[in-house]
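>>> would you be able to build a 3D model of this:
(chains A, B, C and D)
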There are 2 protein chains.
Amino acid sequence: MSENSLSSFSSHVDPATTPDNVIKALSIDNLIFGLDHGQLDILLIKHREGISAGRWALPGGWIRYDENLRDAASRHLLELTGVSDLYLEQLKTFGRVDRFPNERVVTVSYYALVSAEDYDLAAGHNAADACWFNVRALPELIYDHAEIIQYGIEQLQQNVRRRPIGFNLLPEKFTLLQLQELYESILGTKLDKPNFRRKIMKMGLLASCDEKQTGVAHRAAKLYRFDEQAYNTLMEKGFSFEI
Amino acid sequence: MSENSLSSFSSHVDPATTPDNVIKALSIDNLIFGLDHGQLDILLIKHREGISAGRWALPGGWIRYDENLRDAASRHLLELTGVSDLYLEQLKTFGRVDRFPNERVVTVSYYALVSAEDYDLAAGHNAADACWFNVRALPELIYDHAEIIQYGIEQLQQNVRRRPIGFNLLPEKFTLLQLQELYESILGTKLDKPNFRRKIMKMGLLASCDEKQTGVAHRAAKLYRFDEQAYNTLMEKGFSFEI
DNA sequence: TACTCTTATTGTCCTTTTGACCACAAGACT
DNA sequence: AGTCTTGTGGTCAAAAGGACAATAAGAGTA
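Below is the predicted model of the structure:
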């Protein structure tokens, strides 16, 4: 596992050491988003070797010949974070001729959403220099990774409003205010609490957990969870999610 | 030109003949959409050689080492249709292990929108067996092209509602009813004429041409064109297109 | 226990948008 | 002149969206 991780980290640095069982000139880059204290973060790794040593990069790696694109993204994700079954979606393929030094490497980017439960694990699992960064305060990045992240954030902003994927960034059970703050944070807007509550509840996508918050110094809010079954039923009837 | 076209057509059939100056294992596939008599069409080509002879395929080809992805898509588009400057957007990258026979080939798909003016040219320019097909009556397709087209249509349906790209399928000057029928056709719905007119006009994206239809056997409608400048101005103010 | 503080939750009112449908206008054609 | 087809403007009620006041529920503190 550790060896795999290492090779996947160094792969971007030195394509000359590309193993034999992977597709040449094609790589994966993962945008791993998490939410911490109401702020949208992205997980980056620090390169240790080569000319880009000391700079930060999106985690990623090569694609094996016998592996689907999505499986490759998923594998790199697991190797880095120790978490599987994350929400994962293809973002876009970046292939500018000069995006990679000396070689032509096209990269297929994916974005993943890490739940609050897995947030600490994701950055702490591997000994590698993996670290969460607030998306509004990114360090210097290698290659075209800044461009990829910029595009990814824009897409996330769009998708989070049109599909019920934001829940993947929250704990399994969450309050309506947490959900509202998630949207406010990602979209960079301020929402009206009563109106937001009504809008969400009216959709019928949330199931009450019959539980309340604990450990808060004020009136505890009810906990809800995303009701995937209800969502599927609604989708068949032509429902369209929108915030 | 003709040689280029031929090689790009046969490329999918026999990857053994892949030229040297292209990226191995990576191809382009173009979804070329056009509108004819209010029906959404897609341009396909017929394979003449190899095991897939006689079946239809998305036009596409290889990517040169010194060429950006988008430029490759654009080049293949030009070689096939003789039309440049089409609306072109990356769709998705398809890379299932077994999508291509015997070899591992990942393909980056793009979709293009052909205006009514260029519709006939696009299919007639090249001597190759290129033909428009109604998207609801597709022939048997090679590889995973049916899946790609299916995905493309879904994306087009979504994007045409959220971005003012539908205009690219119409003539430069068009009537409101043409525009309405475009949406009805792509979305598969029926729209109310007065309401549609009001909604569109209220956006302020259409500039009147101070002209009217000619050669119609009824009251002639006013002609409009998409006002790109107005759109850019509105976008800066946070406008969001939506049908 | 009473009071305070913070957030949860409900209620109300007004504006805007959406959707359905009617009516008339304008040409082209017979 | 009459008819047919499509363009264009009007109306009205329902639904959605948005602003904001008011009350409820706890937890903590004096």
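>>> I'd like the mean pLDDT over the longest strand seen in chain A, please.
Ranked by residue count, the top strand of chain A under DSSP state E comes out as strand A:22-36. Average pLDDT, strand A:22-36: 96.
>>> only alpha carbons, please: show it as CSV.
C-alpha atoms of strand A:22-36 as CSV (Å, rounded to 0.1, in the frame of the first residue of the first chain):
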residue,chain,number,x,y,z
VAL,A,22,-0.2,1.7,-17.1
ILE,A,23,-1.4,3.8,-20.0
LYS,A,24,1.3,6.1,-21.1
ALA,A,25,0.5,9.8,-21.5
LEU,A,26,-2.7,9.6,-19.5
SER,A,27,-3.1,10.3,-15.8
ILE,A,28,-5.8,10.8,-13.1
ASP,A,29,-6.1,13.8,-10.9
ASN,A,30,-8.5,13.9,-8.0
LEU,A,31,-10.1,17.0,-6.5
ILE,A,32,-11.0,15.9,-3.0
PHE,A,33,-13.4,18.3,-1.3
GLY,A,34,-14.2,18.4,2.4
LEU,A,35,-16.0,20.8,4.7
ASP,A,36,-14.5,22.0,7.9
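>>> pairing partners for whatever helix or strand comes next after it, with directions?
Next helix or strand after strand A:22-36 toward the C-terminus (DSSP states H and E): strand A:39-46. Applying DSSP bridges, strand A:39-46 is found paired with strand A:22-36 (antiparallel), strand A:56-57 (antiparallel), strand A:130-134 (antiparallel).
>>> among the ones you listed, which comes closest to B:Gly95?
Nearest to B:Gly95, of all the strands paired with strand A:39-46, is strand A:22-36, at 8.3 Å by CB to CB. Every residue, glycine included, has its C-beta placed from N, CA and C.
>>> what separates that closest one from the chain centre, distance-wise?
Relative to its chain's centre, strand A:22-36 lies at 10 Å (CA atoms, centre = their mean, to the nearest Å).
>>> quick one on the thing from earlier: looking at the strands paired with strand A:39-46, which is buried most?
strand A:22-36 (a mean of 23; mean count of other CB atoms under 10 Å in any protein chain shown).
>>> show me the helices in chain A, by range?
Here chain A has its helices, by DSSP state H, at A:2-11, A:69-81, A:119-124, A:145-162, A:176-187, A:193-203, A:228-236.
>>> DNA strand D: which of those helices is closest?
helix A:193-203 (3.6 Å; CB to the nearest atom of the strand).
>>> quick one: name the residues of chain A near chain B.
A:23-26, A:63, A:65-69, A:90, A:92-97, A:104, A:106, A:108 (CB under 8 Å from any CB of the partner chain).
>>> for the residue of chain A at minimum distance from DNA strand D, grab phi and psi.
Nearest residue of chain A to DNA strand D: A:Arg219, at 3.0 Å (CB to the nearest atom of the strand). Dihedral pair for A:Arg219: phi -50, psi 130, per degrees, to the nearest 10.
>>> and it, how far is that from A:Asp210?
17 Å (CB to CB, to the nearest Å).
>>> thinking again about what came up before, of the strands paired with strand A:39-46, which is nearest A:Tyr119?
strand A:22-36 (4.9 Å).
>>> that older thread, between the strands paired with strand A:39-46, which gets nearest to DNA strand C?
strand A:22-36 (16.2 Å).
>>> look up how far A:Val83 lies from the closest residue to A:Thr81 other than its chain neighbours.
Among residues not flanking A:Thr81 along the chain, A:Ala122 sits closest, at 4.0 Å (CB to CB, 6 or more residues apart in numbering or on different chains). With the distance defined as CB to CB, A:Ala122 ends up 6 Å from A:Val83.
>>> between those two, who's got more neighbours?
More crowded of A:Ala122 and A:Val83, by other CB atoms under 10 Å in any protein chain shown: A:Ala122, with 23 against 18.
>>> alpha carbons of stretch A:82-94, as CSV, please.
Taking C-alpha atoms only, stretch A:82-94 is exported to CSV below (Å, rounded to 0.1, in the frame of the first residue of the first chain):
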residue,chain,number,x,y,z
GLY,A,82,-8.0,5.2,3.3
VAL,A,83,-11.6,5.9,2.6
SER,A,84,-13.6,4.1,0.0
ASP,A,85,-17.1,4.7,-1.3
LEU,A,86,-16.7,8.4,-1.6
TYR,A,87,-18.9,10.3,-3.9
LEU,A,88,-16.9,10.5,-7.1
GLU,A,89,-17.6,12.1,-10.4
GLN,A,90,-15.7,12.8,-13.5
LEU,A,91,-14.9,16.5,-13.9
LYS,A,92,-13.1,17.2,-17.2
THR,A,93,-10.0,16.1,-19.1
PHE,A,94,-7.1,18.5,-19.4
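>>> which outside residues touch it?
Contact with stretch A:82-94 is made by A:29, A:31-32, A:69-70, A:73-74, A:77-78, A:106-114, A:118, A:121-122, A:125-126, A:144, A:147-148, A:151-152, A:155, A:159, A:165, A:168, B:69, B:90, B:92-93, B:108, as judged by CB atoms under 8 Å, 6 or more residues apart in numbering or on different chains.
>>> against B:Leu177, how distant is A:Gln158?
30 Å.
>>> my error: substitute A:Asn102 in the last question.
Counting by CB to CB, the gap between A:Asn102 and B:Leu177 amounts to 56 Å.
>>> these two: which is more packed in?
Between A:Asn102 and B:Leu177, counted using other CB under 10 Å, B:Leu177 has the larger neighbour count: 14 against 8.
>>> contacting residues around that one?
B:Leu177 sits in contact with B:Lys193, B:Ala221, where contact means CB under 8 Å, 6+ apart.
>>> any idea how far DNA strand C is from it?
13 Å (CB to the nearest atom of the strand, to the nearest Å).
>>> so what sits against both of A:Ala122 and A:Val83?
With contacts defined as CB under 8 Å, 6+ apart, the residues shared by A:Ala122 and A:Val83 are A:Val114.
>>> poorly predicted segments of chain A, please.
For chain A, the stretches with pLDDT under 70 are A:1-17, A:127.
>>> got the residues of it near DNA strand D?
Contacts of chain A with DNA strand D, taken as CB under 7 Å from any atom of the strand, map to A:Asp192, A:Pro194, A:Asn195, A:Lys199, A:Lys212, A:Val216, A:Ala217, A:His218, A:Arg219, A:Ala220, A:Glu242.
>>> neighbour count added to these, as a markdown table?
Shown next, in a markdown table, are the residues of chain A next to DNA strand D (neighbours: other CB atoms under 10 Å in any protein chain shown):
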| residue | neighbour count |
| --- | --- |
| A:Asp192 | 10 |
| A:Pro194 | 7 |
| A:Asn195 | 10 |
| A:Lys199 | 14 |
| A:Lys212 | 12 |
| A:Val216 | 10 |
| A:Ala217 | 5 |
| A:His218 | 6 |
| A:Arg219 | 7 |
| A:Ala220 | 13 |
| A:Glu242 | 11 |
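>>> okay, among those, which ones form the most distant pair?
It's A:Ala217 and A:Glu242 that sit farthest apart of the residues of chain A next to DNA strand D, by CB to CB, at 34.6 Å.
>>> run through the bridge partners of A:Ile45.
Beta-bridge partners of A:Ile45, as defined by DSSP bridges: A:Ala57, A:Ala130.
>>> verify the contact between it and A:Asp129 for me.
Yes - judged on CB atoms under 8 Å, A:Ile45 makes contact with A:Asp129 at a distance of 6.0 Å.
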